[in-house]
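J.: Below: sequence and its predicted model.
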Amino acid sequence: MLMKIDFGALHQVRSHWKGIGVTLFVNWVVKPFSMALLAWLFIRQWFAPWLPAEQLDSYVAGLILLAAAPARDGVRVEPPVRRRSLLHPVAVALNDTIMIFAFAPIVGLLLGLSAITVPWDTLFTSVVLYIVIR
């Protein structure tokens with residue numbers, strides 16, 4: 001997706017900064033942190049009696065990992081930024097670029113708050129495999 005940017009549309013980014021800002025805020029603040037809260041609430045509190053105790057951390061970690069990785073073209077909030085828009089590839093590229101730098105720190109923070117240890121090299125490897133290479 002990073003190679004499909006219409007550089008002629010880059011000047012339009014400023015006119016759609018609110019929509020792109022809302023999308024990035026939802027993708028990188030609301031979704032990961034609310035999902036971590038929901039994982040704690042559902043897995044550790046409500047469903048803990050029915051789940052194997054030794055797997056609770058795995059369930060919580062899986063939910064945090066899924067929540068912290070938005071869809072690669074997760075730009076759907078602002079109506080002017082649509083698939084047919086020239087701005088869509090620019091917004092997707094911006095989201096992917098942020099994903100490269102923000103995924104590992106956010107996941108590390110949320111897993112750390114959940115008392116789950118995942119080595120940093122594993123997080124960085126997942127960024128390279130999922131975002132950079134794919």
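T.: Looks like it arrived, so ask away. Numbering: from 1, shown residues only.
J.: wait, residue 120 sits on residue 104?
T.: Yes - using C-beta atoms under 8 Å, residue 120 makes contact with residue 104 at a distance of 7.1 Å. C-beta here means a position set from N, CA and C on the backbone, and glycine is covered the same way.
J.: So for those two, which residue has more residues nearby?
T.: Using other C-beta atoms under 10 Å as the criterion, residue 120 and residue 104 rank with residue 104 on top: 20 against 10.
J.: contacting residues for the residue located most distally from the centre of the chain?
T.: Going by C-alpha atoms, centre = their mean, the residue of the chain most distant from its centre is residue 49, 29.5 Å out. Applying C-beta atoms under 8 Å, 6 or more residues apart in numbering, we find residue 49 in contact with no residue.
J.: Next one: it from residue 56, what distance?
T.: 11 Å (C-beta to C-beta, to the nearest Å).
J.: Also residue 41?
T.: Using C-beta to C-beta, we find residue 41 at a distance of 13 Å from residue 56.
J.: next one: residue 33
T.: Going from residue 33 to residue 56 by C-beta to C-beta gives 20 Å.
J.: Mind listing residues that contact the helix or strand hosting residue 122?
T.: Taking DSSP states H and E as the criterion, residue 122 maps to helix 120-127. Helix 120-127 is contacted by residues 65, 99-100, 103-104, 107-108 when judged by C-beta under 8 Å, 6+ apart.
J.: Quick check on the residues you listed: which are buried?
T.: 65, 99, 103-104, 107-108 (16 or more other C-beta atoms under 10 Å).
J.: and the two most separated of these?
T.: Largest separation among those by C-beta to C-beta: 99 and 108, giving 14.4 Å.
J.: Next, format the buried ones among the contacts of helix 120-127 as JSON lines and append secondary structure.
T.: Formatted as JSON lines, the buried ones among the contacts of helix 120-127 follow (DSSP: H, G, I helix; E, B strand; the rest coil):
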{"residue": "65", "secondary structure": "helix"}
{"residue": "99", "secondary structure": "helix"}
{"residue": "103", "secondary structure": "helix"}
{"residue": "104", "secondary structure": "helix"}
{"residue": "107", "secondary structure": "helix"}
{"residue": "108", "secondary structure": "helix"}
